[in-house]
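Participant: Got a predicted model here, sequence first, then my questions.
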Amino acid sequence: MFAEALSRIIRHKVRALLMILTFVLGLGSVVSIVGTIEGGRKAIGHDLEALGTDLMALVNPISLGTLSLGTSTEGEPVGEADLDSLQNVVDPYVDSMSPLVIDLGLTTHRGISWRHTMVSTTPGFQSVLRSGMLTGRFLTAEDRWPEDPQLPVPTVIDEALALKFYTRAEDAQGQRFQVIRKGREFDCEIVGVVKDPLLLRQHMSSFDATSRARSVPARRLEFLNLYMPWRPGVDDPSVVILDVKDVDTVATLQPIAADWIEAQKKGVYLHVQKEWTGVVLEMVDRFRGLGHFIWVLNLIIVLILTATISLLAIDESLEEVALRRAEGASLGQVTGPVFMEAGILATLALAPGYWLGMKVIEVGILPILGWQAWLPPTTLAGTFVALILTAMLSAMVPAWRVATLDPAPVLCGRRDL
């Protein structure tokens, strides 16, 4: 049967080639859709994890209220005088506690100006930067605002912001930038460049045209920041970041922090990053569900196309099937080669179909969306099996139908069988 199937393929080269091309195009479309959807879900999940699911924050609702989830309490926001008391309470549960002052400012360098956020913080904030340093170092205890206003302020820059001024973010290392913050103009010197924690952020340039209308929290999520030393006695925190030891400890620390807020009568949002991430992941799961519907629908269309091309291909072999049946061949001898021929052609289409789907993602999807394709092995295997079985059954059914009929009407050209 296998030899007969190969003989049929060799005798009908054009038909076999057209069938393989149909299978390749159909499989390529399914692979590209599944790879894009699953790759996007994985990339978004990775980015959310990079934001730190073990982080908590006490947010000043006056300056950064729109940034938080949760309930705002009544009272004065957390000030610098409260930091020691808060540190004593949370110290057993955190790796670091970092106060931040977040302002909107303007940076000018090499004739280019950008409005973005500027953050004053302590060296402990480095533990929050899960992506690490691209080059240089983060702030240390020795980094302070100079008493001489002519001297530059030691500053760390985000990779995304550095790319606004240089084609390579590393080139910003050691450079001086002119900065305006709260109406005051000064120079800063870049001592380090922070890696961009969001892969998706690297592909958001199409949104930059609307950046002037964005709020401070929105700009913060863009990771277009300059990080400057904390100024004791001058700065009051817009937010206090708690880098909890691990995700499981968040549930333990949350009520302790809430009790401290109530006891001190502080008016803050108690922001839990894990809860915010959970909300976003739920939205991602909905997107994934819609994506599954799309690729399943695409798979059905591809299988229908596969069945159609298989039926058309077997149509020209009906007389051959009927003639062999009239010569005394058994049902298995007649239908087996047809069944196997379709299986061989579908199998030959798997590798080029997979390659085509991945190439579509590489050339058409990756430059736009910025994430790598990812194909769950079970989904990929199921698609392969469905394609092969559909092709084989679509060829088998009409061949079996003709083989069980009287050969005479088939050989006479009847097409209403």
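Facilitator: Yes, it's here.
Participant: mind listing what Pro149 touches?
Facilitator: Each residue near Pro149 by CB atoms under 8 Å, 6 or more residues apart in numbering is listed here: Phe186. Where C-beta positions appear, they are placed from N, C-alpha and C, glycine not excepted.
Participant: oh sorry, the question was meant for Pro367
Facilitator: Contacts of Pro367 by CB under 8 Å, 6+ apart: none found.
Participant: Distance check, it against Ile361.
Facilitator: According to CB to CB, to the nearest Å, Pro367 and Ile361 sit 10 Å apart.
Participant: hey, which helix or strand in the chain has the poorest pLDDT?
Facilitator: Every helix and strand in the chain was compared by mean pLDDT, DSSP states H and E; the lowest is helix 216-222, with a mean of 47.
Participant: name the helices or strands packed onto the helix or strand just after that one?
Facilitator: Sequence order places strand 225-229 as the next helix or strand after helix 216-222, per DSSP states H and E. In terms of contacts (3 or more CB pairs under 8 Å, 6 or more residues apart in numbering; DSSP states H and E), strand 225-229 is packed against strand 112-121, strand 153-158, strand 184-194.
Participant: number of nearby residues for the residue nearest to Glu189 when sequence neighbours are not counted?
Facilitator: Nearest non-adjacent residue to Glu189, counting by CB to CB, 6 or more residues apart in numbering: Pro152, 3.9 Å away. Residues near Pro152, counting by other CB atoms under 10 Å, number 17.
Participant: residues contacting Pro152?
Facilitator: Pro152 is in contact with 146, 176, 186-189, counting by CB under 8 Å, 6+ apart.
Participant: do that again at 6 Å, thanks
Facilitator: 176, 187-189 (CB atoms under 6 Å, 6 or more residues apart in numbering).
Participant: Got the phi and psi for it?
Facilitator: phi -80, psi 150 (degrees, to the nearest 10).
Participant: quick one: it from Met358, how far?
Facilitator: 48 Å.
Participant: What of Leu129?
Facilitator: Taking CB to CB as the measure, Leu129 falls 33 Å from Met358.
Participant: Kindly report the same for Leu58.
Facilitator: For Leu58, the distance to Met358 - CB to CB - is 46 Å.
Participant: who's more crowded, the two?
Facilitator: A direct count of neighbours by other CB under 10 Å for Leu58 and Met358 places Leu58 higher, at 26 against 17.
Participant: Tell me where this structure has helices.
Facilitator: Here the chain has its helices, by DSSP state H, at 2-11, 13-50, 61-64, 83-90, 159-162, 216-222, 247-264, 273-315, 318-326, 331-360, 366-369, 377-403, 407-411.
Participant: Compare the mean pLDDT across those helices and name the weakest.
Facilitator: Of all the helices of the chain, the minimum mean pLDDT falls on helix 216-222 (a mean of 47).
Participant: List the buried residues in stretch 230-237.
Facilitator: For stretch 230-237, a neighbour-count test (16 or more other CB atoms under 10 Å) marks 230, 235, 237 as buried.
Participant: Enumerate every residue touching the last one.
Facilitator: When contacts are counted by CB under 6 Å, 6+ apart, Pro237 is found next to 78, 99.
Participant: just the one 3 residues further on next, same as before
Facilitator: The neighbours of Val240, taking CB under 6 Å, 6+ apart as the test, are 58, 78, 99.
Participant: how about the second one, what does it touch?
Facilitator: The contact partners of Val78, taken as CB under 6 Å, 6+ apart, are 58, 237, 240, 266, 268.
Participant: Would you check how far apart it and Arg41 are?
Facilitator: With the distance defined as CB to CB, Val78 ends up 37 Å from Arg41.
Participant: How about the last one?
Facilitator: Shown here: Pro99 relative to Arg41, a distance of 35 Å by CB to CB.
Participant: These two: which is more packed in?
Facilitator: Per other CB under 10 Å, whichever of Pro99 and Arg41 has more neighbours is Pro99, with 25 against 18.
Participant: Provide the partner residues of the more buried one in its beta bridges.
Facilitator: Assessed by DSSP bridges, Pro99 has beta-bridge partners Val240.
Participant: Just send the contacts of Pro152 back as a markdown table, with pLDDT too.
Facilitator: What follows is the contacts of Pro152, written out as a markdown table (pLDDT from 0 to 100):
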| residue | pLDDT |
| --- | --- |
| Arg176 | 95 |
| Asp187 | 95 |
| Cys188 | 95 |
| Glu189 | 96 |
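Participant: In these, which residue is surrounded by the most others?
Facilitator: Most neighbours among those, by other CB under 10 Å: Cys188, with 23 neighbours.
Participant: Output the contacts of Val240 in a markdown table, with pLDDT appended to each entry.
Facilitator: Below are the contacts of Val240 laid out as a markdown table (pLDDT from 0 to 100):
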| residue | pLDDT |
| --- | --- |
| Leu58 | 85 |
| Val78 | 85 |
| Pro99 | 92 |
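Participant: Can you add distance to Leu323 and give those back as CSV?
Facilitator: Formatted as CSV, those follow (distance: CB to CB, whole Å):
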residue, distance to Leu323
Leu58, 85
Val78, 90
Pro99, 89
